[in-house]
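Peer 1: got a structure for you, letters missing:
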């Protein structure tokens with residue numbers, strides 16, 4: 001586990017918590033697993049998948065009926081992140097407000113972290 005005792009590594013806005021809970025109900029999932037992997041024009045990309053069970057090494061965050069699991073190799077990259085869910089005329093999706101990101105590509109799909117070694121996928 002990475003972080004400060006008693007403090008959730010990530011937080012969800014009410015809109016994000018509602019969307020995660022909706023995905024869990026629709027897919028009979030245990031929660032939304034998030035991670036990071038190498039890729040994209042800025043070097044790293046977020047990964048998300050609804051999973052049916054937690055991994056014992058995942059950091060689990062439960063908030064307002066939603067459960068998010070953070071993959072072990074992503075925990076240090078995501079600490080302090082606020083996850084939101086935004087709906088606009090052109091697109092809808094999760095948005096990560098991550099204080100550890102130092103650069104992002106123009107499309108917002110790819111990110112770069114402070115001088116940290118890139119993690120393995122997961």
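Peer 2: On my side now, so go ahead. These numbers come from a predicted model, not from an experiment.

Peer 1: From the rest of the structure, what touches the longest helix anywhere in the chain?
Peer 2: Taking residue count as the measure and DSSP state H as the definition, the longest helix of the chain comes out as helix 14-27. Where contact means CB atoms under 8 Å, 6 or more residues apart in numbering, the residues beyond helix 14-27 that reach it are 12, 29-32, 50, 63-68, 83-87, 94. Using the backbone N, CA and C atoms, a C-beta is placed for each residue, glycine as well.

Peer 1: quick one: the residue most central in space within the chain and residue 61, what's the gap?
Peer 2: The residue lying closest to the centre of the chain (CA atoms, centre = their mean) is residue 34, at 4.1 Å. Here the criterion is CB to CB, to the nearest Å. By it, residue 34 lies 10 Å from residue 61.

Peer 1: what residues are shared contacts of the two?
Peer 2: The contact sets of residue 34 and residue 61 overlap at 10, 68, 69, 70 (CB under 8 Å, 6+ apart).

Peer 1: mind checking pLDDT for the second one?
Peer 2: The predicted structure scores residue 68 at 95 on the pLDDT scale.

Peer 1: what's the helix or strand for it?
Peer 2: In this structure, residue 68 sits in strand 66-70 according to DSSP states H and E.

Peer 1: Tell me how far whichever helix or strand comes after that strand lies from the chain's centre.
Peer 2: In the C-terminal direction, the helix or strand that comes right after strand 66-70 (DSSP H and E) is helix 75-78. Here the centre of mass of C-alpha atoms in helix 75-78, compared against the chain's by CA atoms, centre = their mean, to the nearest Å, lies 9 Å away.

Peer 1: Cheers, nothing more for now.
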